[in-house]
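Undergrad: 3D model of this:
(2 chains, ligands or ions: 3)
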Amino acid sequence: MSLEILGISVLWTFLFGYVILASIDFGAGFFNAYSILIGKEKILSKVIQRYLSPVWSVTNVFFVFFYIGIVGFFPKTATYFGTILLIPGSIALILMAIRGSYYAFESYRAGHKGYATMYGIAGLLIPPALSVVLAIAQGGFVTIENGTPQLDYFALFTSPLSWSIVVLAIIAVLYISAVFLTWYADKAQDADARDLMRRYALIWAIPLIVAASGIIIELRYHNYMLFENLLNLWWMFAVSFVLWALTTWFIWRKRSYTAALWLLVGQFAFAFFAYGIAHYPYLLYPHLTIHEGFTNQAMAISLVIVFVLGLALLIPSIYLLLKLFLFDEEYIQGKKE
Amino acid sequence: MFHDPVFASRMLTLLTLSFHIIYATIGVGIPLFIMIAQWLGIKKNDDHYILMARRWARGYVITVAVGVVTGTIISLQLALLWPNFMELAGNIIALPLFMEVFAFFFEAIFLGIYLYTGNRFKNKKTHFLLLIPVAIGAGMSAFFITTVNGFMNAPQGFDIVNGTLVNVNPVLAMFNLASPTKIAHVLAASYMTAAFILAAIAAFKLIKGSKHTYHKKALHMTMKIGLIFAVAVALIGDFSGKYLAEYQPEKLAAAEWHFETGEGAPLLLYGVLDENQEPKYAIKLPYVLSILAFGSPSSEVIGLDEFPAEEQPPLEVHYYFDTMITIGMVMIAISFLYWLGSRMRYTFVESNWFRWLIVLGGPLSMLAIESGWWLAEFGRQPWIMRGIMTVSEAATTSDYVGLMFVLFALLYLILGIGTIVILRKMFANNPLEKELAKVQSTQGGEQ
Ligand code: HDD
Ligand code: HEM
Ligand code: HEM
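TA: Numbering: from 1, shown residues only, chains lettered A, B, ... in the order given. Ligands and ions are numbered 1, 2, ... in the order given. A predicted model of the protein is given here:
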């Protein structure tokens, strides 16, 4: 495997980690705000405090990792994406800042309507703001003028493709977090929260598949190369679809929620990696490939070494974190502080 | 002015970094003091110190949250505002940036565990041990990011042949000449500032009439440690000046208004520039600059005349330099007087006017940090990477930076006010006396 493929695979994997962790987080904030606003009060507040507060900033580091990693392995992305993303990037950053700080603020004023609403809404707006990058990366909205890339905002905002990606991002957030919270509330033996989240999971299951298929169809008209690549990987999407069907079935029949959660992770992993493979070799279609954008050999090797050493430090720490907050039933059930 | 993307990008960078550095300094400094308090509490079996650690840690969560979000902002803004710099830097100095992410991971994980496992470990020492990785992680973040900044001042570890980058050596780039003094100065300044901020809080409580020994213990501990770090900061600062004299003479010359190269150079303190750019009202100390720069009164100090006009840093950096040094000296004096006064049992130490000075010392130390960074960053002008790339070559060409400046300024205003409001509420709702009573009553049950 060449170094650039190794690099992009590692980064794509961390981005996947961020997508799952952040979706759980964003969705939970939204459901929390929603349930407070419709008067179901604090069914979810407790679950959120117990699970999300300790890991919030770890989730954020996954994002920082992806960004620093991509600039390290593919420095040219800084010029290509840096120039065009000023506005969407800044908006996403402001939303993330509001949300992140209200996290800390909320945890001292739990149930505060204003804070909860801000935090719920900001969480639902971040995924669209970030996923616009995917729409831009698959091509058609960027032209190079005098050597600097320019983004065509009008084309971007009137394209059905970008809107489908936005819709999928929101639905995926709601679905992923509903499934996770169903599992978590079940572990916590909190029947009210579990039943509520189970309903939301089922509500969003069908729209998810519709939105995802919609994008593939849009791509046919927008970027035929990507569309063809996706079709060649049909078996990965088929596996993803089967996993989705199994997840929904498990949740519907109230069977093992643990299995449902793992199936969900598998479903998204297959779809996410299939998309990534189809995108190969482009970072920004058709202007930048991973081969042209790659850093020098010396830097690549030193980054890989640091990555391996870093993982050796990280994996035991993350294991400890998960063990204390996610797999400790007494903690989840609130029997321990 | 804000229509010019270069100027707007500089101002937005100035704004974001000046805001982030407040939280970053607290983030680097406070864990050390939480650790010391908790350790003292275990060793002396004194609940006051344990509670001190707990209360500091609780406030720390709020500042960390804002530190994390503003740090995320600045790291992305580097690419959004300075894409050409980031591309070049990505090729050469990405290694410490990448290492920094692991330091963040490490700190974030153990901080989460420390904060949310208050009473989960039967052995108090286990809980204490969790703080060590937090403090190390925060210190490492400062270490790695300051290396990157050192590299911008003293780029090395690569060659540019016919406009292409060759012979890149990331390790050599990381261990550049500017880093040793810079890292040491930044770390010492963070610990010093954290100490004086905590001391300011304790002194404030004492002025407001609290007679509790808890506050006296907190004040005593932070002032003593603060003195040590304040002296260290000044000593390392002297080395930073010697580094500049040798390797970045234009920055030192601008900071000292030293226009002509010459032996036996005088040091100018304070003063203002008149319309002919001549210093007025400055205190002139003969030979002192030569001594500071090279350790001997006769040595030659390079002046601004050796540099073409367009490569000279702005002369305002002198004010930042004076501010930083004055505050450094004042803080050494205050903390020394405190130490001496409490040993000798002088009564002024317990007087309100002296305590007000200590209260003032907290914000002043933070101002010294800000001034130091403004000196370092404006003093690098016009270069973003000294001798390699200028600020205007590095900047984005987007027209909307001015608008983004307004949005981010609003954001920081909200975050700043939010931090203060929440911190005040948090401690007002959990008064010390109540919490202390609770800790003492559960003591029996816990063991
Ligand atoms: C509590 C804060 C504080 C205090 C009291 C001082 N400094 Fe400082 N100084 C900093 C906080 C700081 C800083 C914020 O940490 C800087 C900014 C960039 C850097 O490397 O450290 C800095 C930069 C800085 C530089 C520029 C380094 C460069 O650009 O490479 C010099 C020459 C000094 N300092 C010298 C001093 C001296 C002689 C002091 C005597 C008391 C002093 N500083 C006190
Ligand atoms: C430690 C890592 C740091 C890096 C990599 C860094 C990077 C940069 C960059 C890329 C610029 C724009 C170029 C320029 O205008 O000179 C800049 C400017 C600036 N930075 Fe830093 N910075 C760092 C630390 C800080 C800190 C902690 C502060 C303090 C608050 C700071 C204050 C400033 C200021 C005031 C400017 C504007 C200077 C000007 O326009 O001349 N920097 N920095
Ligand atoms: C260009 C300059 C800088 C960049 C790009 C930057 C980047 C970041 C990022 C991305 C984070 C969030 C990490 C997370 O998600 O957990 C962060 C937080 C932090 N930064 Fe900065 N930083 C800069 C300057 C500095 C400086 C000069 C210091 C130290 C003196 C510093 C110390 C910290 C610390 C300790 C944190 C952890 C948050 C906390 O504990 O408050 N940073 N920074």
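Undergrad: what about residue B:114, distance to residue B:126?
TA: According to CB to CB, to the nearest Å, residue B:114 and residue B:126 sit 10 Å apart. Any C-beta I mention is one placed from the backbone N, CA and C, and that applies to glycine too.
Undergrad: comparing those two, which residue is more hemmed in?
TA: Taking neighbours as other CB atoms under 10 Å in any protein chain shown, residue B:114 and residue B:126 compare with residue B:114 leading, 23 against 11.
Undergrad: next helix or strand past the helix or strand encompassing that one?
TA: Residue B:114 belongs to helix B:83-115 when assigned by DSSP states H and E. The first helix or strand that comes after helix B:83-115 along the chain, using DSSP H and E, is helix B:124-129.
Undergrad: now that following helix: buried residues?
TA: For helix B:124-129, burial by neighbour count (16 or more other CB atoms under 10 Å in any protein chain shown) applies to B:127-128.
Undergrad: next: stretch A:196-207.
TA: A:196-198, A:200-202, A:204-205, A:207.
Undergrad: hmm, which two among the residues you listed are most spread apart?
TA: Greatest spatial distance in the buried residues of stretch A:196-207: A:196 and A:207, 18.1 Å, computed using CB to CB.
Undergrad: leaving out the residues flanking it, which one is nearest to the residue in the stretch 1-150 of chain A positioned nearest to ligand 3?
TA: Nearest residue of the stretch 1-150 of chain A to ligand 3 (CB to the nearest ligand atom) works out as residue A:60 at 4.2 Å. Of all residues not flanking residue A:60 in the chain, residue B:68 sits nearest, at 5.8 Å (CB to CB, 6 or more residues apart in numbering or on different chains).
Undergrad: where in the stretch 1-150 of chain A is pLDDT low?
TA: Scanning the stretch 1-150 of chain A with the threshold set as pLDDT under 70 gives A:1, A:40-43, A:48-49, A:51, A:106-112.
Undergrad: which residue does it have closest to ligand 1?
TA: Counting by CB to the nearest ligand atom, the stretch 1-150 of chain A gets nearest to ligand 1 through residue A:68 (21.7 Å).
Undergrad: hmm, back to that, how far is the helix or strand hosting the residue of the stretch 1-150 of chain A closest to ligand 3 from where the chain is centred?
TA: According to DSSP H and E, residue A:60 maps onto helix A:53-73. On the basis of CA atoms, centre = their mean, to the nearest Å, helix A:53-73 sits 12 Å off its chain's mean C-alpha point.
Undergrad: okay, angle between the next helix or strand after that helix and helix B:83-115 too, please.
TA: Following helix A:53-73 in sequence order, the next helix or strand is helix A:76-84 (DSSP H and E). Using axes from the mean of the first three to the mean of the last three CA atoms, to 10 degrees, the inter-axis angle of helix A:76-84 relative to helix B:83-115 is 100 degrees.
Undergrad: buried residues, helix A:76-84. List them.
TA: Neighbour counts over helix A:76-84 (16+ other CB under 10 Å) mark A:76-84 as buried.
Undergrad: and of these, the nearest to residue B:356?
TA: residue A:82 (47.4 Å).
Undergrad: now do the contacts for that closest one.
TA: B:79-83, B:86, B:396 (CB atoms under 8 Å, 6 or more residues apart in numbering or on different chains).
Undergrad: state the pLDDT value of residue B:182.
TA: In this prediction, residue B:182 carries a pLDDT score of 92.
Undergrad: near chain B, which residues of the stretch 151-300 of chain A show up?
TA: A:295-296, A:298-299 (CB under 8 Å from any CB of the partner chain).
Undergrad: setting aside sequence neighbours, what's the nearest residue to residue B:283?
TA: Closest to residue B:283 by CB to CB, 6+ apart is residue B:269, at 4.3 Å.
Undergrad: what's that neighbour sitting at in phi/psi?
TA: phi -110, psi 140 (degrees, to the nearest 10).
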